[in-house]
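K.L.:
Show me the folded form of this:
(chains A and B)
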Amino acid sequence: MNYITGYYTTKFGELWDKSLFDLVEEAINGVLKSTNLERKKIDAVFFGNMLAGVLGNNLHSTSKLSEILDVNIPVFRTEAACASGGTAFNLAKTYLDANSNKNVLVIGAEKMTDYSPEEVITALSAAASGEEQEAGLTFSGLYAMMANFYLEKYHYTEKNLAYVSVKNHYHGTLNDKAHFRRKISIDDVLESAYVSYPLKVLDSSPISDGASAIIMSNNLNFIKKQDYSASVLASEIATDTISLKSRKNIDEILATKIVSDKAFKMAKIKRSDINVAELHDCFSIAEILAMEDLGFWKKGEGGQKIMEESTTYGNGGNLIVNTSGGLKASGHPVGATGIKQIGEIFLQLTGQANNRQVKNAKYGLAHNVGGSGGTAVVTILSS
Amino acid sequence: MISPVKIWRRQKDIRKILGKKGKIFLWTKIFTPGTGFKKYAPYPVVLVELENNEKVYGQLVDHEEKDLKIGKKLISVLRKVRTASVDGVIAYGIKFRPLK
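P.N.:
Numbers count the residues shown, from 1 in each chain, chains lettered A, B, ... in the order given. So this is what the prediction gives:
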């Protein structure tokens, strides 16, 4: 069995005084301090990052990490668009499954605010198909197409979607590392400007900087000495077509459905056992689709269910979703997101989530998506 | 990067889908585009299901707001698709206009 024993994240936001590797270094120092792990006791590093090559002309980050850590161990970088972090975690777990008595460092990081919105939107579009890029489609555009289809098919309106952002912004007020820490109302969402119709600014996750890091281990001597640990019951990945047009169904992310079935089977628990979940709400529609595709809600009822606010912290629901603020309010430094999601679940399961602590949380799930659904990663942890 | 050779390579396939009829399967309207599309914004993008069931993306041109609905019948036309590259090569591609 593999255990997470430590987590640290930088603040997410517009961090103009920090470079990509300043953020990485802060995350590494933070997580090593929290676990009392010496650098020389790390056996391998897994780094999730999407845009450093495209935006910053920074590749070979594996070697840069060797320099920062002053070690000569294997370092791997993973890229799967917005699922780069989740993918790094999955590879780290696979490494531990194949090697006993090891400690691994998993980091996700992104530096996005040095560039104009057009440059960042274009760089993110690299994760869409060539045909989608050539038609002038952006990621908000692809999710907007899904939203339009979903709203029409199930007879919902933009108001149904707005409930996702209101919840996640409330949760963001409880997280001191979140990019946005202010409450918003349904009217605020509905009155915000369109990004891609029907999705608006307040339906959309922001462009953020940030880095998050986790220590995972199967070294029982090390784990015994740790103050906190959570066991990794499952980490699974599924892929699907890069092009939205090649998908059979537009009102679902098939990769999420496939990977959640695999993960629950591996974890040997039921959907109803999950107390806390971090879901990939890059746009409001994405959280609703995720709740359905993960099997928490039935297909098509998400637009109604979200209005009941049962997944909001403090409302007494059995499953609380995106206590970190989600991508919407916590921020979305692309490579960091998948690690932050798993880290938030770790905090919840080890009683370290402070003023957003879900009582008696025993099982948690993190769901990370790349592109318009071409990659999906699901991780299930237990206290 | 959009190189002239890349544009040339893509254009070989465009003639095959010119003048084809179909209907809107998915649509959106982009208000915040990436580099090369800013001067067209806001612009509608549609995914069209052609009569042979093939699906093709493109922007909708010469349209009215009421044309933006699933099922609207369209025909593919040749248009400039983005601001010309630094090499001065104009990229042409498929867009769609409504059928009356």
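
K.L.:
got the residues of the stretch 201-350 of chain A near chain B?
P.N.:
The stretch 201-350 of chain A comes close to chain B at residues A:244-246, A:250, as judged by C-beta under 8 Å from any C-beta of the partner chain. Backbone N, C-alpha and C define where each C-beta goes, glycine included.

K.L.:
I'd like to know which of those is nearest to residue A:296.
P.N.:
Residue A:296 lies nearest to residue A:250 out of these, by C-beta to C-beta, at 20.2 Å.

K.L.:
Where does the closest one sit: helix, strand or coil?
P.N.:
Following DSSP: H, G, I helix; E, B strand; the rest coil, residue A:250 is assigned to coil.

K.L.:
Count the neighbours of residue A:263 for me.
P.N.:
When neighbours are counted by other C-beta atoms under 10 Å in any protein chain shown, residue A:263 registers 25.

K.L.:
and if you look at residue B:50?
P.N.:
Using other C-beta under 10 Å: residue B:50 sits among 17 other residues.

K.L.:
for the one 5 residues further on, same thing?
P.N.:
Residue neighbour count, defined by other C-beta under 10 Å, stands at 16 for residue B:55.

K.L.:
Pull up the gap between it and residue A:165, please.
P.N.:
30 Å (C-beta to C-beta, to the nearest Å).

K.L.:
Chain A contacts on chain B?
P.N.:
Close to chain A, as judged by C-beta under 8 Å from any C-beta, chain B has residues B:10, B:25-38, B:40, B:42-43, B:45, B:47, B:55-59, B:70, B:81-82, B:91, B:93.

K.L.:
List only buried entries from those.
P.N.:
The neighbour-count test (16 or more other C-beta atoms under 10 Å in any protein chain shown) marks B:10, B:25-37, B:40, B:43, B:45, B:47, B:55-59, B:70, B:81-82, B:91, B:93 as buried among these.

K.L.:
Nearest residue to the residue of chain A most remote from its centre in space, please, no chain neighbours.
P.N.:
No residue in chain A sits farther from the centre than residue A:221, which is 30.1 Å out by C-alpha atoms, centre = their mean. Nearest non-adjacent residue to residue A:221, counting by C-beta to C-beta, 6 or more residues apart in numbering or on different chains: residue A:101, 7.9 Å away.

K.L.:
Around residue B:53, how many other residues sit close by?
P.N.:
7.

K.L.:
Kindly apply the preceding question to residue B:52 instead.
P.N.:
Neighbour count of residue B:52, defined by other C-beta under 10 Å: 9.

K.L.:
can you pull the contacts of it?
P.N.:
Counting by C-beta atoms under 8 Å, 6 or more residues apart in numbering or on different chains, residue B:52 touches residue B:20.

K.L.:
Okay, it and residue A:245: tell me how far apart.
P.N.:
14 Å.

K.L.:
Now do the strands in chain B.
P.N.:
B:21-30, B:43-50, B:55-60, B:73-80, B:92-98 (DSSP state E).

K.L.:
Can you verify my assumption that residue A:91 contacts residue A:76?
P.N.:
Yes. Counting by C-beta atoms under 8 Å, residue A:91 does reach residue A:76; the two are 6.3 Å apart.

K.L.:
Common neighbours of those two, please.
P.N.:
Contacts common to residue A:91 and residue A:76, judged by C-beta under 8 Å, 6+ apart, are residue A:46.

K.L.:
which of those two has more neighbours?
P.N.:
Per other C-beta under 10 Å, whichever of residue A:91 and residue A:76 has more neighbours is residue A:91, with 21 against 16.

K.L.:
Quickly find the element holding the more buried one.
P.N.:
helix A:84-98 (DSSP states H and E).

K.L.:
and the angle from the following helix or strand past that helix to helix A:84-98?
P.N.:
Where DSSP H and E defines the elements, the next helix or strand beyond helix A:84-98 is strand A:103-110. Interaxial angle of strand A:103-110 relative to helix A:84-98 (axes from the mean of the first three to the mean of the last three C-alpha atoms, to 10 degrees): 170 degrees.

K.L.:
Buried residues, the helix or strand just after strand A:103-110. List them.
P.N.:
Downstream of strand A:103-110, the first helix or strand assigned by DSSP H and E is helix A:117-125. For helix A:117-125, the neighbour count (16+ other C-beta under 10 Å) marks A:118-125 as buried.

K.L.:
Helix A:117-125 and chain B in contact?
P.N.:
Yes. Counting by C-beta under 8 Å from any C-beta, contacts between helix A:117-125 and chain B involve A:117-119, A:121-122, A:125.

K.L.:
And residue B:26, how far from residue A:267?
P.N.:
Noted for residue B:26: a distance of 35 Å to residue A:267, by C-beta to C-beta.

K.L.:
swap in residue A:163?
P.N.:
29 Å.

K.L.:
Give the other helices and strands that the lowest-mean-pLDDT helix or strand in chain A contacts.
P.N.:
Least confident helix or strand of chain A, by mean pLDDT, DSSP states H and E, is helix A:130-134 with a mean of 93. On a contact count with 3 or more C-beta pairs under 8 Å, 6 or more residues apart in numbering or on different chains; DSSP states H and E, helix A:130-134 meets strand B:55-60.

K.L.:
quick one, the strand it packs on and strand B:73-80 angle?
P.N.:
70 degrees.

K.L.:
Return the distance of strand B:55-60 from the chain's centre.
P.N.:
5 Å (C-alpha atoms, centre = their mean, to the nearest Å).

K.L.:
Provide the contact partners of it at residue level.
P.N.:
Contact with strand B:55-60 is made by A:131-132, A:134-137, A:245-246, B:17, B:20, B:22, B:25, B:27, B:40, B:43-50, B:67-68, B:74, B:76, B:79, B:81, B:93-98, as judged by C-beta under 8 Å, 6+ apart.

K.L.:
can you check stretch A:301-310 too?
P.N.:
Everything outside stretch A:301-310 that qualifies as a contact, by C-beta under 8 Å, 6+ apart, is A:150-151, A:154, A:156, A:160-161, A:163-164, A:167, A:287-289, A:291-292, A:297, A:315, A:317-319.

K.L.:
among those residues, which are in helices?
P.N.:
Of these, the ones assigned to helices by DSSP state H are A:150-151, A:154, A:160-161, A:163-164, A:167, A:287-289, A:291-292.

K.L.:
coming back round to it: ok, the residue farthest from the centre of chain A to chain B distance?
P.N.:
Residue A:221 is 51 Å from chain B, where distance means C-beta to the nearest C-beta, to the nearest Å.

K.L.:
helices and strands around the helix holding residue A:91, which ones?
P.N.:
Partner elements for helix A:84-98 (3+ C-beta pairs under 8 Å, 6+ apart): strand A:44-48, strand A:75-78, strand A:103-110, strand A:210-217, strand A:230-239, helix A:334-349, strand A:363-370, strand A:375-382.

K.L.:
Make CSV from the ones you listed and add mean pLDDT and distance to residue A:18 to it.
P.N.:
What follows is these, written out as CSV (pLDDT from 0 to 100; distance: least, C-beta to C-beta, whole Å):
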stretch, mean pLDDT, distance to residue A:18
strand A:44-48, 98, 17
strand A:75-78, 98, 20
strand A:103-110, 98, 10
strand A:210-217, 98, 9
strand A:230-239, 98, 28
helix A:334-349, 98, 13
strand A:363-370, 98, 23
strand A:375-382, 98, 26
